[in-house]
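Undergrad: here's my sequence, what's the structure:
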Amino acid sequence: MVENRTAYEKKEIAQAYSERIYLDKAEKSILNFITNKAADYRMLDIGCGGGRTTHFFAPVMRQYVGIDYSNSMVEVCAERYKHMPNVSIKLADARDLSMFPDNSFDFVLFSFNGIDCVSFEDRVQILKEIRRVGKKWTRIAFSSHNMYNIPLLFSFQMRMNVFKWIAEYQRTKGVNEKNPSIDELMEKDWTPVIDGDQNFNTSYIYIKPETQIKQLQDLGFTNIDLFSVNSGSRIKYPCDWSAHDDPWLYYYCTNNK
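TA: Residues are numbered from 1 along each chain as shown. Down below sits the predicted model:
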């Protein structure tokens, strides 16, 4: 198994990421929430990758700082947005944000499930670092793989294009072979899963939303909202979480320190 960071250092992967320009529906909802205040914000975009989110968030921010732990990603992102004077792209690991003083940012984003690329213990460290560099009442947004998507992940998804059926069969076969059973996984509150990304060479943390909410509460975050990546709508809870089988969910909360 290749370490996640090693996979993202590959030049061809960084180049592929640099060609992405889109926001998912949950990200659009969150951007809409902050747009009227963003002109006064200093933003930290953790795991900025090739600059997918930079394209949308940087133009509305007073200052945009993007970081990534892949030097290849930093290089392509910095080159892509070198024309924007309010943009700064740096090499940094979310587990150690010591280059930034306490209370440095008004808004922190960690998109595309980047927080799932590390161990569960490191996940806690990342959230503590975000809490430290964020100002009081800073809004935090991050996405994370949803454990209630695991039954779908392990099942064959019929494609409209019949030529994709072989690839889907191979994906499903690989996921089932490289992981414990669905029943065994779903007994846990969180678990690493090899989901087929990077040709099955990476694993990511999948977590139940009720577990993630409690973790955030225990760390001192408040006003925790969840957004569906499928619809972009806010999820009202308490609820039957198993009814929400999005591949990942967005968490949007307040740094109440």
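Undergrad: could I have the CA atoms of the helix or strand hosting Leu216 written out in PDB?
TA: Leu216 is located in helix 209-219, with elements delineated by DSSP states H and E. This file holds the C-alpha atoms of helix 209-219, laid out as PDB (Å, rounded to 0.1, in the frame of the first residue of the first chain):
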ATOM      1  CA  PRO A 209     -21.700  11.400  11.100                       C
ATOM      2  CA  GLU A 210     -22.900  11.100  14.700                       C
ATOM      3  CA  THR A 211     -19.300  10.100  15.600                       C
ATOM      4  CA  GLN A 212     -17.800  13.100  13.800                       C
ATOM      5  CA  ILE A 213     -20.300  15.500  15.400                       C
ATOM      6  CA  LYS A 214     -19.300  14.200  18.900                       C
ATOM      7  CA  GLN A 215     -15.600  14.500  18.100                       C
ATOM      8  CA  LEU A 216     -16.200  18.100  17.100                       C
ATOM      9  CA  GLN A 217     -18.200  18.900  20.200                       C
ATOM     10  CA  ASP A 218     -15.600  17.300  22.400                       C
ATOM     11  CA  LEU A 219     -12.900  19.500  20.800                       C
END
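Undergrad: pull the distance from that helix to the chain's centre.
TA: Helix 209-219 sits 16 Å away from the centroid of its parent chain (Cα atoms, centre = their mean, to the nearest Å).
Undergrad: mind starting the numbering at 42 from now?
TA: Sure, I'll start numbering at 42, so the last one becomes helix 250-260.
Undergrad: any idea of the mean pLDDT in it?
TA: Mean pLDDT, helix 250-260: 98.
Undergrad: direction included, what does the next helix or strand after that helix pair against?
TA: Going down the chain from helix 250-260, the next helix or strand is strand 262-269, by DSSP H and E. Sheet pairing for strand 262-269, assigned by DSSP bridges, gives strand 275-276 (antiparallel), strand 289-296 (antiparallel).
Undergrad: what's the angle between strand 262-269 and helix 250-260?
TA: Angle between the axes of strand 262-269 and helix 250-260 is 160 degrees (criterion: axes from the mean of the first three to the mean of the last three Cα atoms, to 10 degrees).
Undergrad: re earlier: in the helix holding Leu257, which residues are buried?
TA: Neighbour-count burial for helix 250-260 flags Pro250, Gln253, Ile254, Gln256, Leu257 (criterion: 16 or more other Cβ atoms under 10 Å). (Each C-beta comes from the backbone N, C-alpha and C, glycine too.)
Undergrad: the residue lying closest to Phe146 once chain neighbours are set aside pairs with what?
TA: Leaving aside its sequence neighbours, Phe146 sits nearest to Leu85 (Cβ to Cβ, 6 or more residues apart in numbering; 4.4 Å). Assessed by DSSP bridges, Leu85 has beta-bridge partners Val106, Val149.
Undergrad: Leu85 contacts Asp147, doesn't it?
TA: No. Here Leu85 does not reach Asp147: they are 9.0 Å apart, not a contact under Cβ atoms under 8 Å.
Undergrad: these two: which is more packed in?
TA: Leu85 (28 against 22; other Cβ atoms under 10 Å).
Undergrad: and that one, what does it touch?
TA: Each residue near Leu85 by Cβ atoms under 8 Å, 6 or more residues apart in numbering is listed here: Val106, Gly107, Ile108, Phe141, Ser145, Phe146, Phe148, Val149, Leu150, Val174, Gly175.
Undergrad: separation between the fourth one and Val106?
TA: Read it as Phe141. 8 Å (Cβ to Cβ, to the nearest Å).
Undergrad: could you pull out the strands for the stretch 42-191 of the chain?
TA: 83-87, 104-109, 128-132, 146-151, 175-187 (DSSP state E, counting those that start in this stretch).
Undergrad: of the ones you listed, which is nearest Lys298?
TA: For Lys298, the closest of these is strand 175-187, at 5.4 Å, according to Cβ to Cβ.
Undergrad: which is the next helix or strand following that closest one?
TA: Following strand 175-187 in sequence order, the next helix or strand is helix 191-194 (DSSP H and E).
Undergrad: same for that following helix, what does it pack against?
TA: Helices and strands touching helix 191-194, by 3 or more Cβ pairs under 8 Å, 6 or more residues apart in numbering; DSSP states H and E, are helix 223-227.
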